[in-house]
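Student: have a look at this prediction, sequence included:
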Amino acid sequence: MTKDRPEIAGPRAIAAWATFRRLLRMGAGYRWAAVAAFVLIVIASVLEGAAIPVLFAQIIYAISPAGGPGMPAMVSRFKWVDTSTPEAQLRALLLASALIVLAYLLRSAATFGHLYLGQVFAQRVVLTLRNRLHSHLMRLSAAFHDSRQTGELMSRVTNDVNVLQSLVSGDLMQAMQAPVMIVVGLATMLVISWKLTLLSLLCGPPIALLLWRLGGQVRQITRVMQARLADLNARLQERLSSVRVVQLFAMEEYEREQFSRVNRETMKANLAAARITSALYPGVEFVALFGMIVVVAIAGWQVISSQLGTAVFFMFLVVLQRAGSQLSRLGRIRVAIQQALGAGERVFELLETESEVVEAPNAEVLPPVRGEVTFEHVTLRYRGGEEALRDVSFAIRPGEVVALVGPSGAGKTSLANLILRFYDPTEGTIHIDGRDLRRVTLSSLRGQVGTVPQETLLFGGTVHDNIVYGRIQATRDEVMAAAAAANADEFIAALPAGYDTPVGERGVKLSGGQRQRIAIARALLRNPRILILDEATSSLDAESEALVQEALERLMEGRTTLVIAHRLSTIRHADRILVLSDGRVVEEGTHIELIRRQGVYSRLYERQIREQDAPASAG
């Protein structure tokens, strides 16, 4: 045994207890259910471990009052009625049988009660835990979500929480019941024969050692097992969401091999846990059975030598068997608890992850804004030190339309994300109407900023569900008015169920132009003062582009608008154009001014004109 084992085991035990306590605190409002369940466990254990064996011993005594040669005097403790005549024996038999039925009935009621109340407590814990996980994930910054796979996060919310649910709902009740049953059994056995009871306890240390050595490894293996399962879910979720890309490149066989590889790694982790549990269960049972056989053999010899009565022997044997079975259950419980604690550590790790974007303790609600946006010496570095923006300064006047242009990776999207506080600048400050964004609440900020992205993201509900997401309190008439302003009402009316038509996952049942008009309607319904457009017409056909462009012009009226432009021909009428390169604003002006300057913007514009003319010339 190494010297550092206790030093390692100590912190692990403390961490496990801390995880367990945090889990139980999730059901704080339902502690009464846990307390009531424990009381019922005690009642059921006393009935099963003491009362019922005593009553069965009384039946034997009623049938054979002599109890065999040399019946000891202590059996008189169980002589409740006269058994001097056959009629009295029959009455004793019937009374004991009736009491056994009553005892089993009470035990069944107590068992039902503690199992149900345990579920009440467990479901409350799981409900609270899942709600907190979901809320926490919704609040975590974009930087966190950029670095995590969706499937891995889903695995923690579903698979890991399911493991914890098994612990709280079933294993926790068993963890309370098994020790109570053992204590009740030992107390009953001590009353019957303290010598045999002490002999029975000799198998306790080997079982405890086995539980400690093998059970202690389960938690670490469970963490690996759950991590492999998360990898599997992440890959499955990602590939299913991009199945058309897989099929387009004929990569089905490659994906099959990759999934099979991850699946095998998951299987190996599961088998590692199975090796321990497979050794633990029969090991505990064998040690317990060996000790029981030794005790039974000695007790049997005492019966033969008239030192112990038949009824008492039978009662001791029943109590010993039931107490011994709880030792085997303890082995299973320890494994289950260690597995749950391994999953619990992963869950609480997620809950302890801090967002890079947090509200200030004294954050104020941003009042209705005019729409003035100011960047002052803003620098943004992502995790790993990658610099996206460098010393950027500019101001947008209320109601002004400003376009952001530049080569790919210049920092256009990063700049827009800063206005929404998906990220916070590493250096510098951003103001809206003179208020530092770090000093206002996130909800009041984002409630006044609308976005229409290049790739529209819709939920799998109905058309109405997706539009009303812009303002949940909106009426049906307001939703329809927003759709009309977005040039979406005509195609919506042609859908099978109109506004109640499901759009499919990510809006797959709608065309690109239809999805964009739904997104514009959603933004119109929100009625933001500041608008961010990420070239919402770049991937549409001519007819859809015209409808979307018309809807966008309505949306932009009277609003401060920031346009991320990929096609420079669409932003010639912007009030001002900011040209970004390598994270810096290198040019600023109107379309005409920048063309005359013959700088970065002019070269980008001329290149796009040549690329657009090339297909026509080739034709």
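Tutor: Thanks, I have it.

Student: helix, strand, or coil at residue 451?
Tutor: strand (DSSP: H, G, I helix; E, B strand; the rest coil).

Student: so what's it up against?
Tutor: 416, 420, 523, 531, 532, 533, 534 (CB atoms under 8 Å, 6 or more residues apart in numbering). Every residue, glycine included, has its C-beta placed from N, CA and C.

Student: which residues touch the residue lying farthest from the centre of the chain?
Tutor: Centroid-distance maximum for the chain: residue 85 at 68.3 Å, with CA atoms, centre = their mean. Residues near residue 85 by CB under 8 Å, 6+ apart: none.

Student: now swap in residue 533 and tell me
Tutor: Contacts of residue 533 by CB under 8 Å, 6+ apart are 451, 452, 552, 556, 561, 562, 563, 564.

Student: before we move on, what about residue 225?
Tutor: 266, 269, 270, 272, 273, 342.

Student: am I right that residue 585 falls within a strand?
Tutor: Yes - when classified by three-state DSSP, residue 585 is found to be part of a strand.

Student: ok, of the contacts of residue 225, which come out buried?
Tutor: 266, 269, 272, 273, 342 (16 or more other CB atoms under 10 Å).

Student: lowest-confidence one in the residues you listed?
Tutor: Among those, residue 273 has the lowest pLDDT, at 70.

Student: please report how far that one lies from residue 24.
Tutor: 24 Å (CB to CB, to the nearest Å).

Student: now for the residue lying closest to residue 573 once chain neighbours are set aside: which residues touch it?
Tutor: Take residue 573 and drop its neighbours on the chain: the residue closest to it by CB to CB, 6 or more residues apart in numbering is residue 591, 7.5 Å away. By CB under 8 Å, 6+ apart, residue 591 lies in contact with 571, 572, 573, 574, 577.

Student: want to throw those residues into CSV with distance to residue 598 and neighbour count?
Tutor: Listed next are the contacts of residue 591 as CSV, based on distance: CB to CB, whole Å; neighbours: other CB atoms under 10 Å:
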residue, distance to residue 598, neighbour count
571, 19, 21
572, 17, 14
573, 21, 10
574, 19, 20
577, 15, 23
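
Student: secondary structure class for the residue nearest to residue 589 when sequence neighbours are not counted?
Tutor: Spatial nearest neighbour of residue 589, excluding adjacent residues (CB to CB, 6+ apart): residue 577 at 6.4 Å. With three-state DSSP as the basis, the three-state label of residue 577 is strand.

Student: who's residue 577 bridged to?
Tutor: residue 403, residue 589 (DSSP bridges).

Student: wait, it touches residue 594, no?
Tutor: Yes - the pair residue 577 / residue 594 is scored as a contact, 5.9 Å apart, by CB atoms under 8 Å.

Student: what do those two both touch?
Tutor: Common neighbours of residue 577 and residue 594 (CB under 8 Å, 6+ apart) are 587, 601.

Student: per-residue pLDDT, the residue nearest to residue 589?
Tutor: pLDDT, read off for residue 577, is 91.

Student: identify the residues contacting residue 55.
Tutor: 96, 99, 100, 103.

Student: show me what the helix or strand hosting residue 490 is packed up against.
Tutor: Assigned by DSSP states H and E, residue 490 falls within helix 489-493. Contact here means 3 or more CB pairs under 8 Å, 6 or more residues apart in numbering; DSSP states H and E; on that basis helix 489-493 packs against helix 476-485.

Student: residue 141 - how many residues pack around it?
Tutor: Neighbour count of residue 141, defined by other CB atoms under 10 Å: 17.

Student: quick check, it in contact with residue 418.
Tutor: No - counting by CB under 8 Å, residue 418 is not a contact partner of residue 141; they are 11.9 Å apart.

Student: who wins on neighbours among the contacts of residue 55?
Tutor: If you rank the contacts of residue 55 by neighbour count (other CB under 10 Å), residue 96 sits at the top with 22 neighbours.

Student: tell me the pLDDT at residue 209?
Tutor: 65.

Student: returning to what we had before: could the contacts of residue 451 go into TSV alongside pLDDT and secondary structure?
Tutor: Below are the contacts of residue 451 laid out as TSV (pLDDT from 0 to 100; DSSP: H, G, I helix; E, B strand; the rest coil):
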residue	pLDDT	secondary structure
416	89	helix
420	88	coil
523	85	helix
531	88	strand
532	89	strand
533	85	strand
534	80	strand
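
Student: which two in those residues are spaced the farthest apart?
Tutor: 416 and 523 (14.1 Å; CB to CB).

Student: who has more neighbours, those two?
Tutor: residue 523 (26 against 20).

Student: what's the neighbour count on the closest residue to the more buried one other than its chain neighbours?
Tutor: Excluding the flanking residues, the one nearest residue 523 by CB to CB, 6+ apart is residue 450, at 4.0 Å. A count of nearby residues for residue 450, using other CB under 10 Å, gives 24.

Student: which ones are touching the residue lying closest to residue 489 once chain neighbours are set aside?
Tutor: Spatially, and ignoring its direct neighbours in sequence, residue 489 is nearest to residue 483 (4.7 Å; CB to CB, 6+ apart). Under the criterion of CB under 8 Å, 6+ apart, the neighbours of residue 483 are 463, 467, 489, 492, 499, 517, 518, 521.
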